[in-house]
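Enquirer: Provide a 3D model corresponding to the input given below.
(one chain, ligands or ions: 1)
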Amino acid sequence: MEQNAPSDLGTRPEAGSSRAIRADVAIVGGGVIGCALARELAGRGLEVVVIEREHPGAEASSAAAGLLAPQAEALRSSAFFELGLESRALHAAWAEELFAETGIAVGYRPCGILRCTFADGGRLWRDFGWQAGAGLPVAVEDGAAMAARTGGRVSGRIREGLFFRDEAIVDSARLTQALARSAERRGVRILSEVSARRFLLREHVCRGVETDRGPVEADQVVDAAGAWAGFDSGLPFEVPVHPVRGQMVELRLVGRDLPTVVQSDDVYLVPRPGGSVLAGATLERVGFRNEVTLRGVADLIAAAVALLPDLAEATFVRAWAGLRPATPDEWPILGPSPVAGLFLATGHYRNGILLAPITARLLADALTGSLSRDLAPFSIARFESRPAESLSTAPPQVFG
Ligand SMILES: Cc1cc2nc3c(=O)[nH]c(=O)nc-3n(C[C@H](O)[C@H](O)[C@H](O)COP(=O)(O)OP(=O)(O)OC[C@H]3O[C@@H](n4cnc5c(N)ncnc54)[C@H](O)[C@@H]3O)c2cc1C
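Expert: Now for the predicted structure:
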């Protein structure tokens, strides 16, 4: 049974305290990435402090839809696609471990994704059929199969559908809470309501973090501050991460639950226990404005009703927004930075929930000197030689 996620995570140091805290590793940011990495490192015997401005999961990680979906948008194979597949495969065991360690059910469900289009002409198969050749499960669905998968709900105007059987979902807020709680059980100290002001550099080496409550000294430091990863403008290099707003709407269905995720070119609909559906998400470059707008909500609802017409009878539950940490090429930045002792685990953009387990594993390998693979495709060094205007290679998207 689902249980309520705890809300009392994290310790708050006394105001005015300037005694330095010491740790093997200090992580800035208590989102899914910071918490997953802290837990992993503590499991390997390291002393870890997480510095979190608000509370664990306060930002994008709790706003996310929770899709674990490397396939449903992959137009070609790449290092990023492989990373996503590898990470998706880690989530089932993670969910079990986290439940055993914390009692928090993270809502992992390998329910698959039905990807649909209103367009004629077989575009979906042209875009995604290559995956079948690569041995991945992706199947063409006829109208009867699509109706069966959606409890008879899918629009009769849909012309083509593909089912990605191995795609899954998780409750991202619960996942982040479970990771934070598990990390604390493993000895991680989470400093909630503590802001990192800058990284402490001595002789070009990062030795810790200056916070609004005093210094945190550490042998190694990780910037996992999501969309705010560039918060220290005094660094001798730029962290190329910017915010992309995503709005989401929760609706309550009338009648039976939706058995699978259903996605069109304009919206995805994610089933939640108890008859809810999440409709997401807008993609907006509006800086750090984390607001819900009428246009965002109206567009999502219109796209949702076009895909599943009986959603017009659903009730509105709530709407929210979050800021995705985006990089110029939309791949994450993982591994060492140009400053010794400072590592980066950020820029996960639309896939931070999916990529959290593999990020934790790879960064922990890098920090403990046991990395056995090449992180070059995800290194910050990839941005050094490329002009800014040539960086965006991804096709334009209207939702994400
Ligand atoms: C609407 C929406 C839908 C999404 N859907 C999906 C999905 O279906 N699947 C998926 O895989 N991904 C999805 N994502 C993307 C995913 O949410 C992000 O990639 C992921 O949460 C990034 O995690 P993070 O820990 O890097 O960032 P965050 O969760 O934003 O965490 C960063 C943390 O750093 C803290 N912080 C920032 N600055 C400081 C500072 N100076 N000092 C201390 N703390 C600081 C913040 O308070 C925050 O808690 C979605 C995102 C949005 C917005």
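Enquirer: Up against the ligand, what does the stretch 251-400 of the chain have?
Expert: Selection of the stretch 251-400 of the chain residues close to the ligand by Cβ under 6 Å from any ligand atom yields 280-281, 322, 324-325, 346, 348-354. Any C-beta I mention is one placed from the backbone N, CA and C, and that applies to glycine too.
Enquirer: In helices only, show me these.
Expert: Judged by DSSP state H, helices contain the following of those: 352-354.
Enquirer: Would you mind putting the residues you listed into JSON lines with neighbour count and pLDDT alongside?
Expert: JSON lines is the format used below for these (neighbours: other Cβ atoms under 10 Å; pLDDT from 0 to 100):
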{"residue": "G352", "neighbour count": "26", "pLDDT": "98"}
{"residue": "I353", "neighbour count": "28", "pLDDT": "98"}
{"residue": "L354", "neighbour count": "28", "pLDDT": "98"}
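Enquirer: Just give me the closest of the residues you listed to the ligand.
Expert: Comparing those against the ligand with Cβ to the nearest ligand atom places G352 closest, at 2.2 Å.
Enquirer: who touches that closest one in this structure?
Expert: G352 makes contact with 31-33, 60-61, 64, 226, 324-325, 332, according to Cβ atoms under 8 Å, 6 or more residues apart in numbering.
Enquirer: One more: A38?
Expert: Neighbouring residues of A38 by Cβ under 8 Å, 6+ apart: 25, 27, 48, 50, 179, 183, 188, 190.
Enquirer: which two from those residues end up farthest apart in space?
Expert: In these, two members sit farther apart than any others by Cβ to Cβ. They are V25 and L179, at 15.6 Å.
Enquirer: quick one, which of the two is more surrounded?
Expert: Legend: neighbour count by other Cβ atoms under 10 Å for V25 and L179, higher for L179 (34 against 24).
Enquirer: secondary structure class for the more buried one?
Expert: helix (DSSP: H, G, I helix; E, B strand; the rest coil).
Enquirer: from memory F99 sits against Y108, does it?
Expert: No. Using Cβ atoms under 8 Å, F99 is not in contact with Y108; the gap is 9.1 Å.
Enquirer: of those two, who's got more company?
Expert: More crowded of F99 and Y108, by other Cβ under 10 Å: Y108, with 22 against 16.
Enquirer: Skipping its backbone neighbours, what lies nearest that one in space?
Expert: Among residues not flanking Y108 along the chain, A95 sits closest, at 3.6 Å (Cβ to Cβ, 6 or more residues apart in numbering).
Enquirer: now what about the helix or strand harbouring the one you found, what contacts it?
Expert: Element membership for A95 (DSSP states H and E) is helix 91-102. Here helix 91-102 makes contact (Cβ under 8 Å, 6+ apart) with 68, 104-106, 108, 110, 168, 170, 175, 178-179, 181-182, 185, 354, 357.
Enquirer: and with 6 Å instead?
Expert: The contact list for helix 91-102, computed with Cβ atoms under 6 Å, 6 or more residues apart in numbering, reads 68, 105-106, 108, 178, 181-182, 357.
Enquirer: related to what we said a few turns ago, okay, and which of the contacts of A38 map to helices?
Expert: Those of the contacts of A38 mapping onto helices are 179, 183, per DSSP H.
Enquirer: Run through the contacts of A38 and flag the ones next to the ligand.
Expert: When these are checked against the ligand using Cβ under 6 Å from any ligand atom, none falls in range.
Enquirer: Please check the contacts of A38 and keep the buried ones.
Expert: Neighbour-count burial (16 or more other Cβ atoms under 10 Å) applied to the contacts of A38 gives 25, 27, 48, 50, 179, 183, 188, 190.
Enquirer: was I right about the fourth one contacting G34?
Expert: I take that to be V50. Yes. V50 lies in contact with G34 (Cβ atoms under 6 Å); the separation is 5.5 Å.
Enquirer: Determine the residues that are contacts of both of those two.
Expert: Common neighbours of V50 and G34, using Cβ under 6 Å, 6+ apart, are I27.
Enquirer: can you give me the strands for the stretch 201-350 of the chain?
Expert: Using DSSP state E, counting those that start in this stretch, the strands assigned to the stretch 201-350 of the chain run over residues 205-211, 214-223, 242-252, 261-263, 268-272, 276-280, 315-326, 333-336, 342-346.
Enquirer: Check which helices and strands the shortest one sits against.
Expert: Pointing back at strand 261-263 there. In terms of contacts (3 or more Cβ pairs under 6 Å, 6 or more residues apart in numbering; DSSP states H and E), strand 261-263 is packed against strand 113-117.
Enquirer: Strand 268-272 and the strand it packs on, what's the angle between them?
Expert: Relative orientation of strand 113-117 and strand 268-272, computed by axes from the mean of the first three to the mean of the last three Cα atoms, to 10 degrees: 150 degrees.
Enquirer: and stretch 325-342, C-alpha only, in PDB?
Expert: Output of stretch 325-342 as PDB, limited to C-alpha atoms (Å, rounded to 0.1, in the frame of the first residue of the first chain):
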ATOM      1  CA  PRO A 325      18.000  22.000 -15.600                       C
ATOM      2  CA  ALA A 326      18.800  22.200 -19.400                       C
ATOM      3  CA  THR A 327      22.200  22.200 -21.100                       C
ATOM      4  CA  PRO A 328      22.800  23.600 -24.700                       C
ATOM      5  CA  ASP A 329      22.700  20.000 -26.200                       C
ATOM      6  CA  GLU A 330      20.100  18.700 -23.700                       C
ATOM      7  CA  TRP A 331      22.400  16.000 -22.400                       C
ATOM      8  CA  PRO A 332      23.500  16.000 -18.700                       C
ATOM      9  CA  ILE A 333      26.900  17.100 -17.400                       C
ATOM     10  CA  LEU A 334      28.500  14.300 -15.400                       C
ATOM     11  CA  GLY A 335      31.900  14.000 -13.900                       C
ATOM     12  CA  PRO A 336      34.900  16.200 -13.000                       C
ATOM     13  CA  SER A 337      34.900  20.000 -13.600                       C
ATOM     14  CA  PRO A 338      38.000  22.000 -14.700                       C
ATOM     15  CA  VAL A 339      38.600  22.700 -10.900                       C
ATOM     16  CA  ALA A 340      40.200  19.900  -9.000                       C
ATOM     17  CA  GLY A 341      37.900  18.500  -6.300                       C
ATOM     18  CA  LEU A 342      34.700  19.900  -7.900                       C
END
